[in-house]
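[1] Sequence and computational prediction follow.
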Amino acid sequence: MSEKKTLTFAIMDPPFESARSTTFFRLLEIAAGRGFNLNVFAYEGGVHLSFAKQKAHGNGVHGTNVETEHHPLPKIWVSEIMTKAQESGGSVNWVNCGLCADERGIDEVVEGVRRGSPADFWKLAQASDNSLVIATR
Amino acid sequence: MKALQIIEAAYRGTLEEQDDTIIWLTHSMRDTGADLSVLLTGNAVNYVLKGQDASGLEFGRWTQVNPPNLERELENLIAKDVPVYVMRDEIDRRGLGEAFTIEGIKLLNWEDLPKLLDAHDHIWHW
Amino acid sequence: MSRYLLISSRDPFECGDTRNFYRMAIGLKTSGGDVTLFLVQNGVFPARIGAENWRLREAIGAGVRVLADEFSLRERAVDGALLADGIKRASLELIVDEMAAGTKTIWH
């Protein structure tokens, strides 16, 4: 088993708009599986990723209903990765930028996500082995 | 720990947010004592120009009271002892010229970039 | 001089700043750094054999290790035979490996 590390990520993209958010989750999945301690600072649009009210839907163009479309909902990815990290001996500390959440009306998030500020990003990065910012465009 | 904020994206959401959200983030972290530098590159080099004016946005009865003032935000960062670098090559490509920039900005040549990157523990590219 | 992992997610066809990112990789390498350029998402477009990619070729020539995310390649129908010389396919695991090893990691 690899040595346990602490990695901090910052993510800005909301879901469904860019490949960046998916690649970010792919990285978290790998790191969670290694039992790393992961910190996430969700900034600006990134606060949408953990929004509890994301809803699946069917797709007339695909000819599917809600069940058969099985539409991805990043809020589920957040929860799954948190579980995976824990089961692997690690953790996920997910912080939404509070002001960013306010202006976007993100008032309900999945369990385990907390509200914070840029000061948290700095402190988390300081206490980490490494960090990566995935900014938006 | 020292971190370098490389800001490349420009005028992205600046009207809605009433600032550049990465310059704002830098201020916010600096106010807690963070040791940060800023490097402006790409279109963000335009931020060093005097005379940027984003005032006048109106929708129906709504009028913007606090338009973004990126000059002031950069000047304030410099006043907080955050070094602000700008890529000389990007300034030149855009025909901006040194005469139009706010004071205290440090011009950086491409050949000096590796040294700047090496001098920081974390490099955050926005 | 440190180790660097530069993750290039944007392609030079759509984004002119991507060439500057390659240039950063070259500068770090010629200054003595250990540099890997990891192409991901649309950043893999110039990895296709025959694509216009003179700045990427310059990076390879300068000794920058250039890798491309196998998933992004497959997603865009770039199989092994279509990968330009000097570029190797790699797993995203490498990014986590390098971060865990303390490599300075920059995303563009």
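    That came through fine.

[2] What sits closest to the residue in chain C that chain B sits nearest to if chain neighbours are left out?
    Distances between chain C and chain B by C-beta to the nearest C-beta are smallest at residue C:31, namely 3.8 Å. All C-beta spots, glycine's among them, are computed from the backbone N, C-alpha and C. Closest residue to residue C:31 apart from its sequence neighbours, by C-beta to C-beta, 6 or more residues apart in numbering or on different chains: residue B:114 at 3.8 Å.

[3] Surely that neighbour and residue C:23 touch.
    No - Residue B:114 lies out of contact with residue C:23 (C-beta atoms under 8 Å); the separation is 11.0 Å.

[4] quick one: low-confidence parts of chain A?
    Low-confidence regions of chain A, defined by pLDDT under 70, span residues A:1-2.

[5] now the strands for it?
    A:6-11, A:37-42, A:91-97, A:113-116, A:130-134 (DSSP state E).

[6] neighbouring contacts of the longest helix out of those in chain C?
    When chain C is parsed with DSSP state H, its longest helix is helix C:17-30. Counting by C-beta atoms under 8 Å, 6 or more residues apart in numbering or on different chains, helix C:17-30 makes contact with B:8, B:41-42, B:90, B:110-111, B:113-114, B:117, C:1, C:4, C:6, C:8, C:10-12, C:35, C:37, C:43, C:55-56, C:58-59, C:62-64, C:106, C:108, all of which sit outside it.

[7] before we move on, what about stretch B:24-38?
    Applying C-beta under 8 Å, 6+ apart, the set of residues contacting stretch B:24-38 from outside is A:43, A:117-119, A:121-122, B:1-7, B:17, B:23, B:73, B:76-77, B:80, B:82-85, B:116, B:120.

[8] Can you turn the buried part of those residues into a PyMOL selection?
    Selecting only the buried entries of these in PyMOL, with 16 or more other C-beta atoms under 10 Å in any protein chain shown as the criterion:
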select buried, (chain A and resi 43+117+118+121+122) or (chain B and resi 3+4+5+6+7+23+73+77+82+84+85+116+120)
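
[9] okay, now residue C:65: neighbour count?
    18 (other C-beta atoms under 10 Å in any protein chain shown).

[10] One more: residue A:87?
    For residue A:87, using other C-beta under 10 Å, the count is 11.

[11] Could you do residue B:53 as well?
    Neighbours of residue B:53 using other C-beta under 10 Å come to 8.

[12] Between residue B:114 and residue C:23, which has more neighbouring residues?
    Taking other C-beta under 10 Å, residue B:114 and residue C:23 do not tie; residue B:114 has more neighbours (22 against 17).

[13] what about that one, which helix or strand?
    Using DSSP states H and E, residue B:114 maps to helix B:113-118.

[14] what separates the residue nearest the centre of chain A from chain C, distance-wise?
    With distances taken as C-alpha atoms, centre = their mean, residue A:78 lies nearest the centre of chain A, 5.0 Å away. Going from residue A:78 to chain C by C-beta to the nearest C-beta, to the nearest Å gives 18 Å.

[15] next structured bit after the helix or strand where residue C:88 lies?
    Residue C:88 is part of strand C:87-90, with elements assigned from DSSP H and E. Per DSSP H and E, the first helix or strand lying C-terminal to strand C:87-90 is helix C:93-100.

[16] contact partners of that next one?
    A:2-3, A:5, A:7, A:27, A:30-31, A:34, A:36, A:129-130, A:132, C:3, C:5, C:7, C:36, C:38, C:67, C:105.

[17] Just the buried ones out of those, please.
    Buried among those (16+ other C-beta under 10 Å): A:5, A:7, A:27, A:30-31, A:34, A:36, A:129-130, A:132, C:5, C:7, C:36, C:38, C:67, C:105.

[18] from the residues you listed, which ones fall inside helices?
    Using DSSP H, the buried ones among the contacts of helix C:93-100 in helices are A:27, A:30, A:31.

[19] What is the nearest of these to residue A:72?
    Proximity of these to residue A:72 was ranked by C-beta to C-beta; the top entry is residue A:27 with 16.5 Å.

[20] ok, now how distant is the closest one from chain C?
    Residue A:27 is 6 Å from chain C, by C-beta to the nearest C-beta.

[21] contacting residues for that residue?
    Residue A:27 touches A:9, A:132, C:92, C:95, C:96, counting by C-beta under 8 Å, 6+ apart.

[22] hmm, 7 Å instead?
    Residue A:27 makes contact with C:92, C:95, C:96 under the criterion C-beta atoms under 7 Å, 6 or more residues apart in numbering or on different chains.

[23] what about residue B:115, how many neighbours?
    By other C-beta under 10 Å, neighbour count at residue B:115 equals 12.

[24] Could you do residue A:127 as well?
    12.

[25] The closest residue to it other than its chain neighbours pairs with what?
    Spatial nearest neighbour of residue A:127, excluding adjacent residues (C-beta to C-beta, 6+ apart): residue A:6 at 6.6 Å. On the basis of DSSP bridges, residue A:6 takes part in beta bridges with residue A:37.

[26] separation between residue A:6 and residue A:123?
    Residue A:6 sits 12 Å away from residue A:123, going by C-beta to C-beta, to the nearest Å.

[27] ok, now residue C:23?
    33 Å.

[28] Which neighbouring residues are in contact with the closest residue to the residue nearest to the centre of chain A other than its chain neighbours, exactly?
    Leaving out its chain neighbours, the residue that sits closest to residue A:78 by C-beta to C-beta, 6+ apart is residue A:50, at 4.8 Å. Residue A:50 sits next to A:42, A:75, A:78, A:94, A:96, A:109, A:110, A:113 when contact means C-beta under 7 Å, 6+ apart.

[29] My guess is the third one contacts residue A:110. True?
    The reference is to residue A:78. Yes - Residue A:78 lies in contact with residue A:110 (C-beta atoms under 7 Å); the separation is 5.4 Å.
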